Each structure stands twice: as C-alpha cells, then as structure tokens.
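S.K.: test case, fold it:
(2 chains)
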Amino acid sequence: MSGGPKAGFTLGGLVVLGLVVIAVALIVYLVGDYLYVTYETGKYSLELSNRLSSLSRSCIAYIVNNSLYFPYGTYVEYSIPSTVRPGWYSTLNLTGFKGEVLIFTDGCTILVKSTGNATGFEVLGYGSG
Amino acid sequence: MALADIVLEGLTLILVIALGAVLIGGLSYLTTTTASANNARLITAGTYVYLAGPTYINGTLYVPMYNIGEYTVDVKYLFVEGLNGVQEYATNIILKPGQYYVYELSIDYTPKAVTIVVSPTRDPKLVLEFNSNVSTPGPIALTPMSQGSSGGGLIAVSVVDPYNAGWTVSWSYSGQSYSLSKSTSYTWYINPPYVPIQLSFTASITNNPSGYTCQIQPSSITKTYNAGSVQTFTVTCSPAVYLTVVYTYNIWNPYPTYTIYYNGGVNGSISGPPNEPGPGTHTYNYVIATNGPITLTTAINNPDLSHITCSISPQSTTANPGQSVTININCNYNNRQTNQPPPPPPPPNACPVSNPSVSSQPPGAPQPTSSANASSIPYNQTETVTFTYNAPSSGNNYVFQYWSIGGSNYTGNVVTITETLTCTTPGQTLTGPSGTAYYQHQSPGTIGIYPSDTIDLTKTSETYTFKWTSSWSGTGTFQYSFTGSATITYTGITSNTILWSASVTLPGNTVAASGSGNLNVTSYPKPPNWNYVIVCEVSGGGTINGVSAGAGIEYGTAYITCTLQSKNGIPK
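M.R.: This is a model prediction of the structure:
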C-alpha cells in the first residue's frame, strides 16, 4: 500500500510551478517594457525630426517690395525693440522699421537693419538655429 | 528506507527552492535595472531644446531656447565658447514643453558657440547637452519676384479691400489647398514649385460692413501664372437696403408666391419664397444694393388661387440706403379655418382679374411676365388694379428695347400700369392691356487663339492665349476646352481631330463671344517601326469667372498624352 507513486499535487510541484509563473511574468514584463519604450522613442524621434525640419524651413526669408516674406510662414515670438506682434506671419511689412530690429522667431533670430535711404532696407541678417 | 526517501525528497525540495530564489532574484534585479534604463532612454529621446539662432550683437549674446520636446527641463548651465576658452554660466531656467525663452548675456568677447546643459525634471540624474554656433548676421539680398527658390518664382496675390469687409481667398496647386481670410487690404506671395503654373483661386465675402453689401471680383479664376505675376482681387461695396419678408401662411399646397419690385436707385425684383415652406411663419432676408432711395412694391403672384386672401403690409414703401424694411405677408383661406380643404370658387357674380397677356419679339427673345395686384372684383364694383409688366433686360443674345403696352411705348423693362376696372357683367374676366416686349439681337463677338490653331504633339502640354472682343458689356464667364486625338503611324500622321472651343457667357444665356476650330499638328512623335502607332490624346479645359465681356485675354492649357501602341491596339 505505501511506497507507490501518488497522483495529484505535491508540495514541491506547487513551489516549482509558482517559481515558473513568477519567472515568466517577469520576462514578459521585461520584453513588453522594452518594446513599448522602443516604439515610443521611435515616435519621439520622428516627431522631433519633423519639428526640426519645420523650424528650419521657417527660417527661409526674402525681401520682396520692402516686406520680409517667409514662403513657409514663421511664428514670431517677440522683437527687440517691440515692433512686431507675436503671431504667425507669411509677410512682414518692414515699412515702420527704423534702425536695428531683432526678431525672434521659433526657428531663428533675424536682424533687420534699416539704412534709412530711399529703398529702406538694404541689409538684413539672420541666424538659423 | 522510508526515512531515507523523506530525507532525499526534502533535500531536493530545498535545492529547488534555493535555485528558484536565485533565479527570481536575478530576474527581479534585471527587471528593475532594465525598467530604469528604459525610462531614461524614453526621457532622453523625448527631450530636446532647440537653440533658435544664438546671436551676438553689440556686446550682448542672445540665446533663444525653445523646448520642442515632450518633457519639462531644467536648463542648468550655459557654456560659451570664445577664442580664449570656455566660460560657464549657471542659468537654472525651467522650460516647459513648447516654451520659448531668450537668455541674454552681456559679454566682452566674441562667442563662437554655445552649449546648454539640461536635465529633465522627471529624471534629474539625466544630463543632456544641446549646442549651436553663434550666428553673425549676414546680408540677405533683395529678391526680385521673378526669382524664387527651387526653380520657381513668386506670385503676388493682392486683395484690395477699402471697406474692411471680411473675405476669404482659397487657392490650390499640386494637389494642395490653401486659404487666407482677413478683413483688410492685404498682399501675400505664393512660391509654387515651378513656373509657369496653373493656379485656381476662389474668393468670397465672409462679412459685410453695416449698411453695405459687398462683392469680391473675380470670385473664381483659373489661369497660368508666371514668376512675378500679380493676381488682384477687389472688394467693392454698395450701400444696401436690407429687406426682411415675414411670410405667414396657414394653407397647405399650393402656396402663394410673391414678387417685390423695386425702382429708383436700382431697378429689379425679388421673388419668393425661395423654397416651398411649411404652414407657419417664415422670415426671408434680402439685401438690395442701391446708391439711392428705392420704392418697394409687393405683389402676390397666384391670382388663380382665388380662395386665398393675402394681406401685405406695407404694400408699397420707400427706403434709403442703409435702412431696413420689413414687409409682412399673411395668407389665409377666405373666411375659413386653417388647414381645411379649398373652399368653392368665388361667387359667379364676381369678375376674376387675370394677368395681362404678354409676349416678346422677335421669336427667341426672353419671355416677359406680368402680374396684377388683385384677383377679382365684386359684381357692380369699381376698383383700381395695378398691373406690372416685367421683361428681362437681356438674355439669349437679345437686348431689351421697349415695351408696347396698349398702344403706348415704354422704355423701362419693368412697367407698372394702373387701370380702373368695373365688374359690369357677372363672371366676366377682367385684365390689363396686353403688352409686347421688343428686343434686338446682338451677335456674339469672336475669340481668337494664339499661337494660331497649331499644336506640337511632342510636348506634354501647350498653353494658348485666347483673345476676344465683343459688343456686349458686363462681367461674364470664360470657358474653354480642348478635345480630340491624333493617330501617327510610321509613315506619318493619319488622322487628326483636335478641336478647341471657347466662349464668354453672360447671365441669361447670352453668349458674348465665341470661337472654335481645329488645331493643326506641327510636330509629332514617331513610332519606332511599322509595327507600332502612337495615339495622342488632347484634353483640357477651364472656367474663369469675372471676365470682361467686351474684351479680354485669358490663358488655357491643352494637355497632351501620347501612348505607343502595337498595331492591334495593345499598349506596348
């Protein structure tokens, strides 16, 4: 009667099963967290790349007919002295500018110099980030 | 034996638990460290401070910082690299996502580059650096409009809006749509990817100044623009009378319609209701542009609905530009409750009043209309009835000349005649004098195409100039089209049916100018050998509103698509 194999759970089997469950859960969490972070970092990278491209394009400017023309538009944060209202601009009329005006946009810093002659604005500098 | 088994089993269990504990401990440590590393990786990837053009001017270094990342950062230090080494400045600026800040620093040396050291507030242990060269402003040359970037050129768009009316201009090219709305005069520039380019503009008024009604011209235009082209839209406003019709009717179908004639500063009429109304009270608003006072006269158009009585208040009134006028029209069944079947016809002893008979000459001229302001006159009574004769001023290439009504001639196209009518015979139909509107035919002008009636099939498209002159005046719509195909064999062109047509139309089906013809092929592609043919399809067309009917120049493009086919028709 005694000494033969017993059917059902033994204490050792339960302990081993518990250890396996904990180990599998930890491994699943480990892999899942890694995949999630990989996806999120890829998304951040793409968004930042698009944002940087957009900021770079917003620095393209021409002077056309005494106006500063941004073909892709730009957002002006503020200016020194305070000449330009913050906002989105595709054309910035330079008629009221006198002397040096520093314009801070999202993408670059633009220096407008008025020479005061008949044509109004001969020199205009800008620095892109 | 049993004791030995128990001891062995116990030792095995202890061993398994020990090994499991080591495994779990190792995994837990690995999970904790990896999660921490992953978190740092995530924050590092989402942190970015853009240095938007650090600039050194007149002894001041401006360092614009723009947090374009996902996390709030603490800008701890600024390092400025000059000719004599690197200087460190403690900044401690907190920048939230999307925040922009310009750090100003007075220095007495020329900086070459700046570096900022930032830490995300969510993980202060992380330290990231962002750097940029310091810009020395350089000149931007004046750019003539004929030189844009990317091989294109600038196209100026100007809206002249002296009235500060609200407007929207939309345009499209290369599958992209753009729009701009303002309420003032404004000029901007379009930088297309290439020129010449076909652009489509539509313009509309979004807000009228008080007391005015405004239009923007042209309201829509599609044409080919070159570098330096200027497209101007002009807002014109006229003083206006604001008319409100309060229309009440408690009848099921048929419903009465009304016409409001206005004369004085401007002549014309308004008909309504604009759509079939349900029983009840409806309000319809109209704007009548006029430079002077106008007299408004209201008439109900369904005199055959004799079982209906409509009251109009006021029947006739005068208004100055900028004024608002309200006309109340209230229709009900005669002496009956609402929503009931039509009553029997009026007593046989009343005399119905019918609209006068009107016609036009010569045949084909627009059809005039007539109306009376009364539907019947009781027996043995005398009433004054006003008849209105309305002829369109033009249409179908005819121009109104004069009315002949009851033997008298009238030069206005809207004529009002008052007659005193007496119902002497029960049931007798009374009406006003019949009228004939006389028109004169005015032929369309001609449209020419340049380069003259030729096409080069080796190109993918060809732009033509249309020029027209006409004895008609006003603002019309220019339409053009190219259709047809040509077949080219190894021996040469075998068939050619490439047609162009163009027209300038005015409201009222008047064709102010027209032209059409066949395009002769000057050059064409040649198939490689006898086994192939080339079939060239030509298409294209467009509509340009707001053109001058008297004379004008517009441009249109014919698109050419040639395909090489084997002689059995299967594409190569």
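
S.K.: pretty sure residue B:110 contacts residue B:83?
M.R.: Yes: contact status for residue B:110 versus residue B:83: in contact at 6.7 Å, counting by C-beta atoms under 8 Å. No exception for glycine: its C-beta is placed from N, CA and C like everyone else's.

S.K.: between the two, point out the one with more neighbours.
M.R.: residue B:110 (12 against 8; other C-beta atoms under 10 Å in any protein chain shown).

S.K.: residue B:79 versus the more buried one, what's the distance?
M.R.: Counting by C-beta to C-beta, to the nearest Å, the gap from residue B:110 to residue B:79 is 15 Å.

S.K.: got it, and residue A:90?
M.R.: Per C-beta to C-beta, residue A:90 is found 36 Å from residue B:79.

S.K.: in the chain, which strand is the longest?
M.R.: Unless you meant another one, I'm taking chain A. strand A:67-80 (DSSP state E).

S.K.: switch to chain B, please.
M.R.: Assignment by DSSP E; longest strand in chain B turns out to be strand B:230-249.

S.K.: and the helix or strand just after that strand, what does it pack onto?
M.R.: Sequence order places strand B:258-264 as the next helix or strand after strand B:230-249, per DSSP states H and E. Contact here means 3 or more C-beta pairs under 8 Å, 6 or more residues apart in numbering or on different chains; DSSP states H and E; on that basis strand B:258-264 packs against strand B:230-249, strand B:268-272, strand B:294-300, strand B:382-390, strand B:414-422.

S.K.: so for strand B:258-264, mean pLDDT?
M.R.: For strand B:258-264, mean pLDDT is 86.

S.K.: now name the helix or strand holding the residue in the stretch 351-500 of chain B positioned nearest to chain A.
M.R.: Taking C-beta to the nearest C-beta as the measure, the stretch 351-500 of chain B has residue B:463 as its residue closest to chain A, at 24.5 Å. Here residue B:463, judged by DSSP H and E, is contained in strand B:461-469.

S.K.: after that strand, which helix or strand is next?
M.R.: Next along the chain from strand B:461-469, counting by DSSP H and E, comes strand B:475-489.

S.K.: residues contacting residue 67?
M.R.: No chain was given, so I picked chain A. With contact set as C-beta atoms under 8 Å, 6 or more residues apart in numbering or on different chains, residue A:67 has these partners: A:91-94, B:187.

S.K.: switch to chain B, that's the one I care about
M.R.: Contacts of residue B:67 by C-beta under 8 Å, 6+ apart are B:48-50, B:73, B:95-100.

S.K.: now check the helix or strand that contains residue B:21, is it near chain A?
M.R.: Assigned by DSSP H and E, residue B:21 belongs to helix B:2-45. Yes: under the criterion of C-beta under 8 Å from any C-beta of the partner chain, chain A is reached by helix B:2-45 at B:2, B:9, B:12-13, B:16-17, B:20, B:23-24, B:27-28, B:30-31, B:34-35, B:38-39, B:41-42, B:45.

S.K.: the closest residue to chain A within the stretch 251-400 of chain B: how many residues sit nearby?
M.R.: Of all residues in the stretch 251-400 of chain B, the one sitting closest to chain A is residue B:289 (32.1 Å; C-beta to the nearest C-beta). Counted by other C-beta under 10 Å, the residues lying close to residue B:289 total 18.
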